[in-house]
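Colleague: How does the following fold in three dimensions:
(one chain, ligands or ions: 1)
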Amino acid sequence: MSTTRTPAETDTADGVSTFTVTSPATGEELGSYPLHSTDEVAGAVAVARRATQAWVAIGFAGRRAALDAWRAEIVRGRAELAELIHVETGKPVSDARLEITLGLEHLKWAARNAQKILGRRSVAPSVLTFNNAATVEYFPLGVVGVISPWNYPAYVPLISSASIFAGGNAIVLKPSELAPATGIWLAEAFRRAVPAHPVLQVVTGLGATGAALCRGGVDKIAFTGSTATGKLVMASCAENLVPVVMECGGKDALVVDADADLDAAADAAVWGAIANAGQTCVAVERAYVHEAVYDQFVTKVTELATTVDAGRPDSKIGPITLPKQVVIIREQIEDALARGGRALVGGIDGITGNYVQPTILVDVPEESSAVTEETFGPTLTIAKVRDADEAVQRVNASRYGLGSTVFSRRNGRGIADRIRSGATSVNGVLVHPLVPSLPLGGVGASGFGRVNGPDGLREFTYAKSTTEQRFPLPLRIASFSRSARVDKLVDLATALLHGRRRK
Ligand code: NAD
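Modeller: You can find the predicted model right below:
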């Protein structure tokens, strides 16, 4: 069993620096990968940049065909890819397969909708510019650096790529140092499917390689990872005014109102909190439950949570991928218990090596780290609230605001609208990241900017506005030849257009 997964750095005989990846489940060595240097990263950006011209030239239709070919290639190799994700992260193969499917949905949507969202469209000119045709369209930024995490090593690069590629950009991907083979596999599949366009380059390494990518001449960084690393990424990008998308951590909450379907809510809470061993950015980590149904809900959650375990070959959840996270999970549970909380399922005794058993905590004070900080483990705190107002107030007290879930038969939408988070799923859990036409992203410490949906496509472009005069006006406004008569007419127009108050 490995106790640390901080990849070991090695200087090999030929002078190439490498790092070694180990299995989170068994500790066995999985492979060694280059620690790409600043120069090598800059070289990858240069290759990607050279490829952009032809990538832009093939237009939306050409890129749609290319992305469809990539999708088909991934589908062909999906069993191999799922196995790779399973080996690198420790998650069950079935979860790895699901991750691939969900990523492909986004790829398909972006390829099909990019032209409609980013292509040229006419807009109405104003009264003063009525002699012009006006259009807006969205042009690619160039080369985007994608820095991705290990918890969804295929889904995150796929959804980022969908938004970035469809708009006509090239990518340099820096996969997580815990799951580099998954990122390399995706890039090799792209190379096989789209050999004429080397627009997906991969660099491997630790944080230093990621920092080199921020400084390597890219036009934007799409970062997905922890809030703490996000700040470092922003600092590196600030040196050259490189814009960033920050898809960071969360502390998502689930609200259960008095009229909720309790069986559905309990099932959603357990799956949302425990799937992938809680290592999901939009995992449910806190539940706020109306006092009228609190006891019933806790009983149902407790029963369900005891049916899931970690550590056996056919367990529904795997190990904690990053061993130092086990320390954080342990500290949060200890802190919660020391402050008067109770573990109804799991707890400290449920932690063995890299495996953490599902843990359901109640009576945990709101200032505990188990309630305020991202846990990234299979834990859930459940708190009793007077009503939905108190639930909303407690949900919104967090510095994070990524996703959220509400269960209520009559008031779900009303409660959802008052929650400060990038998304809310009502009467279902983690539904919003599965809808390709919806943007994904957060507020506050969860980051800013969006991938997916129309907003995701626009995120990696710049808006280009163009006017074209259709016929000249006898009266010139934007000219030093403007006469006093024109000034008077403009003044009259100002009074007519803006001077009347509507009652
Ligand atoms: P992490 O922040 O440790 O690493 C993310 C990536 O950043 C890795 O590729 C890493 O090598 C790179 N990196 C590290 N230091 C860097 C630096 N100084 N400059 C540039 N790059 C650097 O995150 P992780 O542990 O891989 O992933 C877990 C985190 O990701 C959790 O907080 C989770 O909530 C978050 N996450 C968010 C979303 C989302 O959509 N908001 C999705 C998945 C994961």
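
Colleague: what ranges do the strands span in the stretch 351-500 of the chain?
Modeller: For the stretch 351-500 of the chain, applying DSSP state E, counting those that start in this stretch gives strands covering 351-352, 355-356, 359-362, 379-385, 400-401, 404-407, 425-426, 443-444, 447-448, 461-469.

Colleague: Give the pairing partners of the last one; include direction for each.
Modeller: For strand 461-469, the paired strands and their directions (DSSP bridges) read strand 132-140 (antiparallel).

Colleague: who's in contact with the closest residue to the ligand within the stretch 251-400 of the chain?
Modeller: When distances are taken as CB to the nearest ligand atom, the stretch 251-400 of the chain reaches nearest to the ligand at Cys281, 3.1 Å away. For the C-beta atoms, the positions are set from N, CA and C on the backbone; glycine is no exception. With contacts taken as CB atoms under 8 Å, 6 or more residues apart in numbering, Cys281 has the following neighbours: 151, 224, 247-250, 402-403.

Colleague: any idea of the pLDDT on whatever residue of the stretch 151-300 of the chain ends up closest to the ligand?
Modeller: Residue nearest to the ligand within the stretch 151-300 of the chain (CB to the nearest ligand atom): Gly210, separated by 2.2 Å. Gly210 carries a pLDDT score of 98 in this model.

Colleague: before we move on, back to that, which of the contacts of Cys281 come close to the ligand?
Modeller: Intersecting those with the contacts of the ligand gives 151, 224, 247-250, 402 (criterion: CB under 6 Å from any ligand atom).

Colleague: re the thing from before, most tightly surrounded among the strands of the stretch 351-500 of the chain?
Modeller: Most buried of the strands of the stretch 351-500 of the chain by mean neighbour count (mean count of other CB atoms under 10 Å) is strand 404-407; its value is a mean of 30.

Colleague: for the record, mean pLDDT for that strand?
Modeller: For strand 404-407, the mean per-residue pLDDT is 98.

Colleague: Which strands or helices does that strand pack on?
Modeller: In this structure, strand 404-407 makes packing contacts with strand 252-256, helix 262-274, helix 412-418, strand 425-426, judged by 3 or more CB pairs under 8 Å, 6 or more residues apart in numbering; DSSP states H and E.

Colleague: Phe60: which of the ones you listed is closest?
Modeller: The closest of those to Phe60 is strand 425-426. By CB to CB, the value is 30.9 Å.

Colleague: And the contacts of the closest one?
Modeller: The set of residues external to strand 425-426 that reach it, using CB under 8 Å, 6+ apart, is 403-408, 412-413, 415-416, 431-432.

Colleague: would you list these in a markdown table and tack on distance to Leu262?
Modeller: Formatted as a markdown table, the contacts of strand 425-426 follow (distance: CB to CB, whole Å):
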| residue | distance to Leu262 |
| --- | --- |
| Gly403 | 21 |
| Ser404 | 19 |
| Thr405 | 14 |
| Val406 | 14 |
| Phe407 | 8 |
| Ser408 | 11 |
| Gly412 | 14 |
| Arg413 | 19 |
| Ile415 | 16 |
| Ala416 | 19 |
| Val431 | 19 |
| His432 | 22 |
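
Colleague: From these, pick the one nearest the ligand.
Modeller: Proximity to the ligand was ranked across the contacts of strand 425-426 by CB to the nearest ligand atom; first place goes to Gly403, at 8.7 Å.

Colleague: Does that closest one touch Gly428 like I think?
Modeller: No - if you go by CB atoms under 8 Å, Gly403 and Gly428 don't touch, sitting 11.8 Å apart.

Colleague: So between the two, which is more surrounded?
Modeller: With other CB atoms under 10 Å as the criterion, Gly403 and Gly428 differ in neighbour count, and Gly403 comes out ahead with 30 against 15.

Colleague: helices or strands next to the helix or strand the residue of the stretch 151-300 of the chain closest to the ligand falls within in the packing?
Modeller: For Gly210, the host element (DSSP states H and E) is helix 207-214. Counting contacts by 3+ CB pairs under 8 Å, 6+ apart, the secondary-structure elements packed against helix 207-214 are helix 38-57, strand 143-147, strand 170-174, helix 227-238.

Colleague: Identify each buried residue in the last one, please.
Modeller: Okay, so that is helix 227-238. 227, 229-230, 232-234, 236-237 (16 or more other CB atoms under 10 Å).

Colleague: got it, and the longest one?
Modeller: Within helix 38-57, the residues that count as buried by 16+ other CB under 10 Å are 40-45, 48-49, 51-52, 55-56.

Colleague: on that earlier part again, list the contacts for the residue of the stretch 151-300 of the chain closest to the ligand?
Modeller: Applying CB under 8 Å, 6+ apart to Gly210 gives the contacts 147, 174, 229, 233.

Colleague: quick one on the thing from earlier: show me the one in the contacts of Cys281 that has more neighbours than the rest.
Modeller: With neighbours taken as other CB under 10 Å, the top of the contacts of Cys281 is Gly403, carrying 30 neighbours.

Colleague: what about the strand or helix carrying Leu107, average pLDDT?
Modeller: Element membership of Leu107 [criterion: DSSP H and E] is helix 93-118. Rounded to a whole number, the mean pLDDT of helix 93-118 is 97.

Colleague: Which strands and helices lie in contact with whichever helix or strand comes after it?
Modeller: Scanning forward in sequence from helix 93-118 by DSSP H and E, the next helix or strand is strand 121-123. Taking 3+ CB pairs under 8 Å, 6+ apart as the contact definition, the neighbouring helices and strands of strand 121-123 are strand 132-140.

Colleague: now the strand it packs on against helix 93-118, angle please.
Modeller: Relative orientation of strand 132-140 with respect to helix 93-118: 160 degrees, computed using axes from the mean of the first three to the mean of the last three CA atoms, to 10 degrees.

Colleague: end-to-end on stretch 316-326?
Modeller: Counting by CA to CA, to the nearest Å, the length from the leading to the trailing residue of stretch 316-326 is 18 Å.

Colleague: contacts for that stretch?
Modeller: Around stretch 316-326, the neighbours that count as contacts under CB under 8 Å, 6+ apart are 2-6, 24-25, 86, 89-92, 150-151, 178, 274-277, 279, 308-311, 329, 351, 353-356, 358, 376-378.

Colleague: hmm, 6 Å instead?
Modeller: Under the contact criterion CB atoms under 6 Å, 6 or more residues apart in numbering, stretch 316-326 has outside partners 3-5, 24-25, 89-91, 150, 277, 308, 310, 354-356, 376.

Colleague: So for the residue in the stretch 1-150 of the chain that the ligand sits nearest to, what's the pLDDT?
Modeller: Closest approach between the stretch 1-150 of the chain and the ligand, counting by CB to the nearest ligand atom: Pro149, at 3.0 Å. pLDDT recorded at Pro149 is 98.

Colleague: measure it to Val127 for me?
Modeller: 51 Å (CB to CB, to the nearest Å).

Colleague: can you list the residues of the stretch 251-400 of the chain near the ligand?
Modeller: Selection of the stretch 251-400 of the chain residues close to the ligand by CB under 6 Å from any ligand atom yields 281, 322, 374, 376.

Colleague: among the residues you listed, which one has the lowest pLDDT?
Modeller: Among these, Leu322 carries the lowest pLDDT, at 91.

Colleague: And for it, the neighbour number?
Modeller: Number of residues near Leu322 (other CB under 10 Å) recorded here: 22.

Colleague: Got phi/psi on it?
Modeller: phi -110, psi 110 (degrees, to the nearest 10).

Colleague: Quick check: phi and psi on Thr280?
Modeller: Thr280 has phi and psi values of phi -130, psi 130 when expressed as degrees, to the nearest 10.

Colleague: near the ligand, anything from the helix holding Leu107?
Modeller: No - with CB under 6 Å from any ligand atom as the threshold, helix 93-118 lies outside contact range of the ligand, at a closest distance of 11.1 Å.

Colleague: And for Ala196, nearest residue in space, chain neighbours not counted?
Modeller: The spatially closest residue to Ala196, leaving aside those adjacent along the chain, is Ala54, at 7.3 Å (CB to CB, 6 or more residues apart in numbering).
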